[in-house]
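Engineer: This is the structure alone, sequence omitted:
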């Protein structure tokens, strides 16, 4: 995150919630909660929504629930109604810097994640949005191979007919008008190689060659951000396909945030990606 230092410091968050800063740091280290934005210098910044989330956790703890369960329930409830992966992550993590990229570049990013993260991540949970069934068919053999070793694999597209939750990968039908029909995304939720990329297609591109279609794109390898992306995907799959209720159980939890060095590396790679995309327009 760069730019204006907006948001609450950890001291301000502690004052507003009544939870000591040392306890908040311990929760973050052990449970990945609360999940701060990181300034260029590594300082934490929190949103007003974090105050409400912590208040909900405290209420659940007072009712006798364990800390881990209380955090899981509060975060899941917050993400439960997100209709879009892209919009949900932009709302939850406003520090993610969007880029305008062509579909060809977005496809290269997703292939890189598939090859590096998915191939090396142990027992990953994978989610992918292809918009149209014909795009998935172009990669179907590749995804069937990924499904052989992954913990869970779910693909979203305008599949003909209804969803097929017991297929491998599980196929989720996107109804007409669903926001995901305008999105292209890949989420690899794993403890060792987490990553996601999500793009929202700009309207008004009729007649443009497929590879040249433009998307507003966000991506990250920050474990808590990837965890949020996976949770949004799991909840969307559950709402669109009743046979996929247990996906949340397959997601890793308690991931610590990325270091300041990793955030700087992500910023450099984003800039490089933007320059490469401009050269191929």
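Structural biologist: That came through fine. These figures come from a predicted structure and were not determined experimentally.

Engineer: contacting residues around residue 7?
Structural biologist: Taking C-beta atoms under 8 Å, 6 or more residues apart in numbering as the contact definition, residue 7 lies against 37, 45-47. Every C-beta, even on glycine, is put in place using the N, C-alpha and C of the backbone.

Engineer: residues in contact with residue 114?
Structural biologist: When contacts are counted by C-beta under 8 Å, 6+ apart, residue 114 is found next to 142, 146, 186, 188.

Engineer: Need the worst-confidence member of the contacts of residue 7.
Structural biologist: The member of the contacts of residue 7 with the lowest pLDDT is residue 37, and it reads 78.

Engineer: Got phi/psi on that one?
Structural biologist: Residue 37 has phi and psi values of phi -80, psi 160 when expressed as degrees, to the nearest 10.

Engineer: Who is it paired with across the strands?
Structural biologist: Beta bridges link residue 37 to residue 45 when assigned by DSSP bridges.

Engineer: any idea how far it lies from residue 224?
Structural biologist: When distances are taken as C-beta to C-beta, to the nearest Å, residue 37 and residue 224 turn out to be 11 Å apart.

Engineer: quick one on the thing from earlier: now go through the contacts of residue 114 and say which are in strands.
Structural biologist: Under the assignment DSSP state E, the contacts of residue 114 contribute 186, 188 to strands.

Engineer: and which of the contacts of residue 114 is nearest to residue 177?
Structural biologist: Using C-beta to C-beta, the shortest approach to residue 177 within the contacts of residue 114 belongs to residue 186, at 22.9 Å.

Engineer: Test my guess that that closest one contacts residue 194.
Structural biologist: No - the criterion here is C-beta atoms under 8 Å, and residue 186 misses it with residue 194 at 11.8 Å.

Engineer: Which one of those two is surrounded by more residues?
Structural biologist: residue 186 (29 against 26; other C-beta atoms under 10 Å).

Engineer: any idea how far residue 147 is from that one?
Structural biologist: Residue 186 is 14 Å from residue 147, where distance means C-beta to C-beta.

Engineer: Are there residues contacting both of the two? Which ones?
Structural biologist: residue 126.

Engineer: Check residue 254 and give its pLDDT.
Structural biologist: Here, the pLDDT recorded for residue 254 equals 62.

Engineer: ok, which stretches of the stretch 51-200 of the chain are helices?
Structural biologist: Here the stretch 51-200 of the chain has its helices, by DSSP state H, counting those that start in this stretch, at 67-79, 85-92, 103-113, 119-120, 133-146.
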